[in-house]
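> Structure, please.
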Amino acid sequence: MKKLKSFLLLFIFVLFCEFFICSFSFVADASNVSSEQYLANNTLDANSSIPDITTYSPACILMDAKTGKILYEKNSSDVRFPASTTKIMTAILTLENCKLSDIATVSHNAVFSVPAGYTHASLKEGEELSIENLLNVLLIPSANDAANVLAEHISGSVEEFANLMNEKAKEIGCLNTHFVNPNGVHNKEHVSTAYDLALMGRYAMQNPTFREIVKKTTYTLPATNKYDKTDRSFVTTNDLLRENHSSAKDNYYYPYTIGIKTGYTSDAGSCIVAGASKDNMEMIVVILGGESTSDGLSQRYLDCKTLFNYAFENYSSKVLHEENSVLKQIKVKGATKDTRNLNVLVKDQISILCKNDDVNELTPEIIINDDLKAPISVNSVIGKITYNVDGETYSSDLIAGSSVIASGIMSLLIRIVLILVTLYLIFMLIKTPKRKPNYKKKRAKKKKSKVKRNNSSNSNISTNNKNNRNSTTSNANEIDNNSSLISNSNNGNGNNINSNSNINSNIISNNSISKNNNNDIDTININNSRNNSNTDTSKITNNSKANTNKTTNNSNTDTSETTNNTNTSSSKRKSKSSKKHKGKHSRRTFSFYNFK
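Numbering: from 1, shown residues only. Below is the predicted model of the structure:
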């Protein structure tokens, strides 16, 4: 039990050391917070004033692509038909589930399910095209048959692909979107909002391949297994990208445009999700339900240009901190002289969007970890910097610009103490504790030994008793024989009787000696045996017949008495015999039988 306690103590100590070392070698592990924050709600901040802007479209929104901040919105939560802007989601899922080099085969349904009047890329049933080919004709000329081919290639059917689209929309953060097809062919249940489509456009523009495709103005399909010509050339549907150098009012070209996707049906009206970039700012505009002005101009393009101009003229993007720029220098406790001065770096670039008159009023919140101490590894997170601008949060992790080495003296002292304590605990573990005497066990052992000796003594006594009984029986038989001889020669010569008496006496004496070699009987009985032997001899002469019977009876009587009194007399005989035979190397014991 004591060893178990020591082992547990050692185990706890090791855990404590590990915890202490980890604490001493602290390296901050703050979660990475991107300077880009996602939109928290779908309305302007309550304290922000609605800009004085005139737009034609019934629903529109202006969003900062980097932060998701809404700069302007009108009915952005109204549920409307998205038309071909749906294809943004189709492209997102294609890029996330396929390789550009994958080959898809055009099915019968993909071609012939497109209603008349809708745009298509003249794809042929059984034609094999790469995913890259299909994405280009999906996004540039807005081919509806290409959308069907991609949907079937990814999910097996248009219906299953629509389910995948709805799941992705929720993942992005869309609130009021429901798709039933991959291309935007009109359906009463196929709906979205300006806000949701702005989220989709912002998400898609983070993919380099998508960005590259949507800014193209033309594309030509290569020859395939079903069509050996290269005359299937297409032009973008986005007039903001088409530069025609015309001074006409319908010249909608906007030089800062970077995409994204247009849409139109008679029920949805003119729709667009457009992107523009200028002065390190990137904006997204969504227009739904646009029509034509009284002058026959497109409301969607006019509203796009109006909103883009508002953003670029009234907002500025200011880089507050470049990536890995030095914020400040601090001193670290427990560090060596050469490494105690630590440069705190801003991990990510912090670029904020703010109104032009608010640029000089920015004060950051800087948090450095309180338990900062040596050692510190280079690039480990040691704090955070945050800016709050016009209701938006911009932040970045602060990291160590160099390694900080712990002071040698402190480290050495700690190691010595840990080693000494560990050695002491190991010694206590190995050391055998002194055991207290167990008196109960000793008593039980003594008692057991005593019982064993008594059993051994009783066994010897029992053996001796058996020998006594056998000897007695033998002597009695010899006496009977001698008595018969004496009785037969009773009238004969007296000398013969005396001679026989002496012979009998010698036999009795010899038998007594033989018996007493096996039994420890008192030597005092030797004289009594001789006297009684002489007496018995004379009595045998006078009463031979009578004595014969008595001798037999007395022999049996003596045998039983000897057996019954063996246990009692053995100890007395041993003590008396030891006194009388003191100094001798061996003991000789004798026994006799009384004959009456």
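
> now Leu418, what's its secondary structure?
helix (DSSP: H, G, I helix; E, B strand; the rest coil).

> so which strand or helix has Asn163?
helix 158-172 (DSSP states H and E).

> What lies in contact with the following helix or strand past that helix?
Where DSSP H and E defines the elements, the next helix or strand beyond helix 158-172 is helix 194-204. Identification of contacts with helix 194-204 by Cβ atoms under 8 Å, 6 or more residues apart in numbering yields 39, 42, 59-61, 63, 65, 68, 73, 75-78, 80, 82, 85, 88-89, 91-92, 169, 172-177, 210, 260-261, 273, 275, 284, 286-288. Glycine gets a C-beta too; all of them are placed from N, C-alpha and C.

> now stretch 160-173
Contacts of stretch 160-173 (Cβ under 8 Å, 6+ apart): 38-39, 89-90, 92-93, 151-152, 154-155, 177-182, 196, 199-200, 203.

> Same question for stretch 257-272: list its buried residues.
257-265, 268-272 (16 or more other Cβ atoms under 10 Å).

> and the two most separated of these?
Using Cβ to Cβ, the buried residues of stretch 257-272 reach their maximum pairwise distance at Ile258 and Thr265, which is 25.0 Å.

> List buried residues within the contacts of stretch 160-173.
Buried among these by 16+ other Cβ under 10 Å: 39, 89-90, 92-93, 151-152, 154-155, 177, 179-182, 196, 199-200, 203.

> Generate a ChimeraX selection restricted to the buried entries among the contacts of helix 194-204.
To isolate the buried members of those in ChimeraX, using 16+ other Cβ under 10 Å:
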select :39,42,59,60,61,63,65,68,73,75,76,80,82,85,88,89,91,92,169,172,173,174,177,210,260,261,273,275,284,286,287,288
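
> how big is the angle separating the helix or strand where Ala147 lies from helix 158-172?
Assigned by DSSP H and E, Ala147 belongs to helix 144-155. Relative orientation of helix 144-155 versus helix 158-172 (axes from the mean of the first three to the mean of the last three Cα atoms, to 10 degrees): 80 degrees.

> how much space between Asn341 and Gly126?
Noted for Asn341: a distance of 71 Å to Gly126, by Cβ to Cβ, to the nearest Å.

> Which stretches in the stretch 1-150 of the chain count as strands?
59-64, 70-74, 103-105, 128-130 (DSSP state E, counting those that start in this stretch).

> So which of those is nearest Ser317?
strand 59-64 (8.8 Å).

> So what angle separates the directions of the closest one and helix 194-204?
The directions of strand 59-64 and helix 194-204 differ by 40 degrees, with the same axes, to 10 degrees as the criterion.

> list the helices and strands strand 59-64 packs on?
Under the contact criterion of 3 or more Cβ pairs under 8 Å, 6 or more residues apart in numbering; DSSP states H and E, strand 59-64 touches strand 70-74, helix 194-204, strand 281-290, helix 299-314.

> how about 10 Å then?
strand 70-74, helix 194-204, strand 269-278, strand 281-290, helix 299-314 (3 or more Cβ pairs under 10 Å, 6 or more residues apart in numbering; DSSP states H and E).

> and of those, who's closest to Ser351?
Nearest to Ser351, of the helices and strands packed on strand 59-64 and by Cβ to Cβ, is strand 281-290 at 9.0 Å.

> Pairing partners for the closest one, with directions?
Partners of strand 281-290 in the sheet, by DSSP bridges, are strand 59-64 (antiparallel), strand 269-278 (antiparallel).

> Let me have those in JSON lines, extended by distance to Ser192 and mean pLDDT.
Formatted as JSON lines, those follow (distance: least, Cβ to Cβ, whole Å; pLDDT from 0 to 100):
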{"stretch": "strand 59-64", "distance to Ser192": "10", "mean pLDDT": "97"}
{"stretch": "strand 269-278", "distance to Ser192": "10", "mean pLDDT": "97"}
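
> With distance to Ser142 as new columns, can those be given to me in TSV?
What follows is the strands paired with strand 281-290, written out as TSV (distance: least, Cβ to Cβ, whole Å):
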stretch	distance to Ser142
strand 59-64	20
strand 269-278	11
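
> Which one of these lies nearest to Asn379?
Among those, strand 59-64 sits nearest to Asn379 (Cβ to Cβ), with 29.6 Å.

> Next, the angle from that closest one to strand 70-74.
180 degrees.

> Same question for stretch 118-125: list its buried residues.
Judged by neighbour count (16+ other Cβ under 10 Å), stretch 118-125 contains these buried residues: 118-121, 123.

> Nice, that's everything, thank you.
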